[in-house]
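Asks: coordinates only, sequence not included:
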């Protein structure tokens with residue numbers, strides 16, 4: 001495979017097209033990165049999908065905070081324009097300009113997202129108070145009233161109910177996004193004697209500032225405590241909480257007025273629904289074994305569905321209840337190390353190149369990935385009472401079938417001869433973006 005790549009590079013170089021030659025090298029070596037130039041010729045490396053705003057913050061946080069427009073290859077473009085390799089980007093700034101809160105909906109770099117949020121959180125208190133008062137007045141308009149019409153007595157009662165020390169503090173919290181104006185307006189407009197019950201008031205809140213409104217969690221992205229989140233005001237459903245990198249957010253971005261900044265409460269004691277998919281070889285008892293493995297970790301299973309991919313394998317989709325990302329990690333690690341036994345035959349579940357110490361994907365090239373998969377498979381085999389040398393059939397799933405040659409080259413380092421029967425299966429994609437996955441059938445020696 002490497003020889004073919006070098007041969008292609010030599011053909012491009014022979015055509016005397018230096019620009020195409022450099023572009024080909026960059027794309028082949030760094031497919032998930034974008035290389036762009038500043039007007040001075042400096043190179044900036046950004047993640048694929050980065051926009052002009054990401055570029056501005058990569059240059060300097062101050063440039064990002066003050067940017068108002070951008071030019072790509074000397075042409076004005078919208079700030080949300082995604083950048084491509086080799087483009088020259090010029091950022092236009094203005095004194096007194098500030099970040100637009102909507103930028104967090106399309107930036108992809110952590111530096112840009114963090115800088116935008118930090119700037120908005122540190123707005124001057126007086127600006128936050130003015131903004132908060134305007135937002136609350138607008139929200140109260142839905143109830144045919146206003147801050148002034150509420151009267152001092154009712155407003156003081158509201159401040160006491162919310163546990164804040166003054167109206168200025170309340171306005172500042174609304175302006176900074178720590179409380180939601182529609183919720184405060186709803187509570188303020190409740191007639192005397194119509195407050196929520198003490199049982200409801202004493203119930204801990206998972207999401208800060210959502211008093212008095214129903215909160216649900218999106219089933220498209222399954223947010224968990226600790227995930228960056230954003231709230232969407234939905235008619236009839238209250239606030240629907242999404243992860244801020246949810247793929248379904250694009251369709252809602254045309255209604256920015258319905259997006260609300262929310263955050264997790266510090267103490268949460270409840271279970272959340274998440275979805276996991278398990279790829280299995282069709283064998284008698286597989287579903288029962290996987291279900292038992294999940295239940296052994298005190299994890300409730302909400303629903304199960306099975307999708308048969310072909311005659312030999314299926315995808316089992318579970319919706320389970322977990323209390324944290326740590327809890328979810330324990331379930332996933334348990335499933336990854338799972339072996340299903342029937343007599344002397346053991347099925348070793350599919351392994352991808354995840355480093356068990358960090359639970360991150362090994363992406364240092366095909367050889368490192370294949371070695372990690374074989375190491376993981378060896379650990380599962382030992383846990384089941386065998387070794388790699390007891391494997392009778394090895395299935396190798398590859399995004400690039402050309403890597404099967406490398407698998408065969410590494411066999412001698414991990415297996416004794418005769419090597420097990422091997423099958424290479426080409427696939428379009430694998431879990432977590434992995435390039436290789438292996439499962440196996442192991443036959444243990446009979447006792448005696």
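Replies: Structure received. Computed from a predicted model, the values in this text were never measured in an experiment.

Asks: Tell me how many other residues crowd residue 438.
Replies: 23 (other C-beta atoms under 10 Å). Using the backbone N, CA and C atoms, a C-beta is placed for each residue, glycine as well.

Asks: buried stuff in stretch 368-384?
Replies: Buried residues in stretch 368-384, defined by neighbour count with 16 or more other C-beta atoms under 10 Å: 369, 370, 371, 372, 373, 374, 376, 377, 378, 380, 381, 384.

Asks: what's the helix or strand for the first one?
Replies: Read that as residue 369. helix 366-383 (DSSP states H and E).

Asks: and that helix, average pLDDT?
Replies: Mean per-residue pLDDT for helix 366-383: 89.

Asks: so what does it touch, helix or strand wise?
Replies: Under the contact definition 3 or more C-beta pairs under 8 Å, 6 or more residues apart in numbering; DSSP states H and E, helix 366-383 sits against strand 339-342, strand 345-351, strand 354-355, helix 404-414, strand 436-443.

Asks: Next, the angle helix 404-414 makes with it.
Replies: Counting by axes from the mean of the first three to the mean of the last three C-alpha atoms, to 10 degrees, helix 366-383 lies at 50 degrees to helix 404-414.

Asks: Partner strands of the very next helix or strand once past helix 366-383, with direction?
Replies: Next along the chain after helix 366-383, taking DSSP H and E as the criterion, comes strand 391-398. Applying DSSP bridges, strand 391-398 is found paired with strand 421-426 (parallel), strand 436-443 (antiparallel).

Asks: contacting residues around strand 391-398?
Replies: 281, 348, 350, 381, 404, 407, 415, 420-427, 430, 435-443 (C-beta atoms under 8 Å, 6 or more residues apart in numbering).

Asks: in that strand, what's buried?
Replies: By neighbour count on 16+ other C-beta under 10 Å, the buried set for strand 391-398 is 391, 394, 395, 396, 397, 398.

Asks: Stretch 269-276 now?
Replies: For stretch 269-276, burial by neighbour count (16+ other C-beta under 10 Å) applies to 272, 273, 274, 276.

Asks: For the residues you listed, give me a markdown table that also has pLDDT.
Replies: Shown next, in a markdown table, are these (pLDDT from 0 to 100):
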| residue | pLDDT |
| --- | --- |
| 272 | 90 |
| 273 | 90 |
| 274 | 91 |
| 276 | 89 |
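
Asks: for the helices and strands packed on helix 366-383, which one sits closest to residue 99?
Replies: Smallest distance to residue 99 across the helices and strands packed on helix 366-383 (C-beta to C-beta): 36.4 Å, for strand 354-355.

Asks: So which elements touch the closest one?
Replies: Judged by 3+ C-beta pairs under 8 Å, 6+ apart, strand 354-355 is in contact with strand 360-361, helix 366-383.

Asks: Check the offset of the longest one from the chain's centre.
Replies: Which is helix 366-383. Relative to the centre of its chain, helix 366-383 is centred 26 Å away, using C-alpha atoms, centre = their mean, to the nearest Å.

Asks: returning to that earlier point: now, the buried residues of stretch 269-276 that are in strands?
Replies: If you go by DSSP state E, the buried residues of stretch 269-276 have 272, 273, 274, 276 in strands.

Asks: wait, doesn't the third one sit right on residue 324?
Replies: To tie it back to what came earlier, the one meant is residue 274. No - with contact defined as C-beta atoms under 8 Å, residue 274 does not reach residue 324; the gap is 10.5 Å.

Asks: Now the common contact residues for these two.
Replies: Common neighbours of residue 274 and residue 324 (C-beta under 8 Å, 6+ apart) are residue 224.

Asks: Could you grab the helix/strand/coil label for residue 219?
Replies: coil (DSSP: H, G, I helix; E, B strand; the rest coil).

Asks: Starting from residue 165, give me the distance back to it.
Replies: Distance, residue 219 to residue 165, using C-beta to C-beta, to the nearest Å: 39 Å.

Asks: Quick check on the contacts of strand 391-398: which are buried?
Replies: Buried, going by 16+ other C-beta under 10 Å: 281, 348, 350, 381, 404, 407, 415, 420, 422, 424, 430, 435-442, out of those.

Asks: Look at the closest residue to residue 422 other than its chain neighbours and report its pLDDT.
Replies: In this structure, residue 422 finds its nearest non-sequential neighbour in residue 394, 4.8 Å apart by C-beta to C-beta, 6 or more residues apart in numbering. Looking at residue 394, its pLDDT reads 92.

Asks: that older thread, output the buried residues of stretch 368-384 in a markdown table; the columns should cover distance to residue 144.
Replies: Converted to a markdown table, the buried residues of stretch 368-384 look like this (distance: C-beta to C-beta, whole Å):
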| residue | distance to residue 144 |
| --- | --- |
| 369 | 63 |
| 370 | 68 |
| 371 | 69 |
| 372 | 64 |
| 373 | 65 |
| 374 | 70 |
| 376 | 64 |
| 377 | 68 |
| 378 | 71 |
| 380 | 66 |
| 381 | 71 |
| 384 | 69 |
